[in-house]
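In: A structural model of the following input is requested.
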Amino acid sequence: MTTFSVRKLTFSAILIAIGILIPLIMPIKIIIGPASFTLASHVPIFLAMFLSPGVAVLVALGTALGFFLSFPAIIAFRALSHVLFVAIGALILQKKPQIVGSFRRFQVFNIGIGLIHALAELAVVSIFFFQGNMAETTYTQGYFYTVFLLVGVGGWIHSIIDGSIAYYIGERLSHLFEFPVFVAAKKYVPNRPKAH
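Out: Residues are numbered from 1 along each chain as shown. Got it, this is the predicted structure:
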């Protein structure tokens, strides 16, 4: 096993552990069933996207497994749906690393990938909703409010916020750790003259 693969495996394990830990200990949580929003809960999987598609999928699967062990099924399946958006996002970032070259470019990507994220979670919750596997109040308040607005739109906003936090962390840590996407993005940034 090469040093590079050991490093990726180590990063994966750390990010999985953080991804499982954040929802358990983070004090900022908003739960309006069936939606739940925990600040920074997606940051580890966004950071994994800056490493590679394989690491991103591994971290998404690892965190989903953690959710299956400690959370209700609907939340665990929502976590499992993250595999879709992280795989797509990581592949895009691998092919176009210049996206992370500026916060504005990243935000365009973040808005789009957040939409895929929200649609995947919306699909999962819709299945539970139409099978009648949700709380009675969910049905009283209706699909549009509880599923479309709370899970869909709320999840999209949550994804954009967590993606922005991950970008900030990734950009700052890229000077200490080699996030391949940020390293590759530097090739697209013109050399600026140093200030004297």
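
In: Show the contacting residues for Ser126.
Out: Under the criterion of Cβ atoms under 8 Å, 6 or more residues apart in numbering, the contact list for Ser126 reads 143, 147. For the C-beta atoms, the positions are set from N, CA and C on the backbone; glycine is no exception.

In: what's the spacing between Ala185 and Gly101?
Out: 5 Å (Cβ to Cβ, to the nearest Å).

In: Please compare those two by neighbour count and tell me which comes out ahead.
Out: Shown here are Ala185 and Gly101; by other Cβ atoms under 10 Å, Ala185 has more neighbours (23 against 18).

In: That one and Val100 touch, don't they?
Out: Yes: between Ala185 and Val100 there is a contact at 4.7 Å, judged by Cβ atoms under 8 Å.

In: Make sure I have this right: Ile31 is in a strand.
Out: Yes: per DSSP: H, G, I helix; E, B strand; the rest coil, Ile31 lies within a strand segment.

In: Give the closest residue to it in space, chain neighbours not counted.
Out: Nearest-residue entry for Ile31: Phe37, 7.7 Å, with adjacent residues in sequence omitted and distances by Cβ to Cβ, 6 or more residues apart in numbering.

In: residues in contact with Ile92?
Out: Ile92 makes contact with 99, 109, 113, according to Cβ under 8 Å, 6+ apart.

In: Just name the closest of these to Ala79, please.
Out: Nearest to Ala79 out of the contacts of Ile92 is Ile113 (Cβ to Cβ; 16.3 Å).

In: what's the burial count for the closest one?
Out: Counted with other Cβ under 10 Å, the neighbours of Ile113 add up to 23.

In: now do the one 5 residues further on
Out: Neighbour count of Ala118, defined by other Cβ under 10 Å: 23.

In: got any ranges where this protein has weak pLDDT?
Out: 1-4, 189-196 (pLDDT under 70).

In: moving C-terminal of the longest helix seen in it, what's the next helix or strand?
Out: Secondary structure of the chain per DSSP state H: the longest helix is helix 103-130. Under the assignment DSSP states H and E, the closest C-terminal helix or strand after helix 103-130 is helix 136-141.

In: I'd like to know which elements that next one is packed against.
Out: Under the contact definition 3 or more Cβ pairs under 8 Å, 6 or more residues apart in numbering; DSSP states H and E, helix 136-141 sits against no other helix or strand.

In: Now the spatially most central residue of the chain: closest residue in space that isn't a chain neighbour?
Out: Note on the chain: the residue nearest the mean C-alpha position is His42, at 3.8 Å, using Cα atoms, centre = their mean. Nearest non-adjacent residue to His42, counting by Cβ to Cβ, 6+ apart: Asp162, 3.8 Å away.

In: Tell me which residues are up against the helix or strand hosting the one you found.
Out: Here Asp162 is covered by helix 154-173, with elements defined by DSSP H and E. Under the criterion Cβ under 8 Å, 6+ apart, residues 35, 37, 39-43, 46-47, 49-50, 85, 100, 103, 106-107, 110-111, 113-115, 117-118, 121-122, 179, 181-182 lie in contact with helix 154-173.

In: Next, the angle helix 103-130 makes with it.
Out: 140 degrees (axes from the mean of the first three to the mean of the last three Cα atoms, to 10 degrees).
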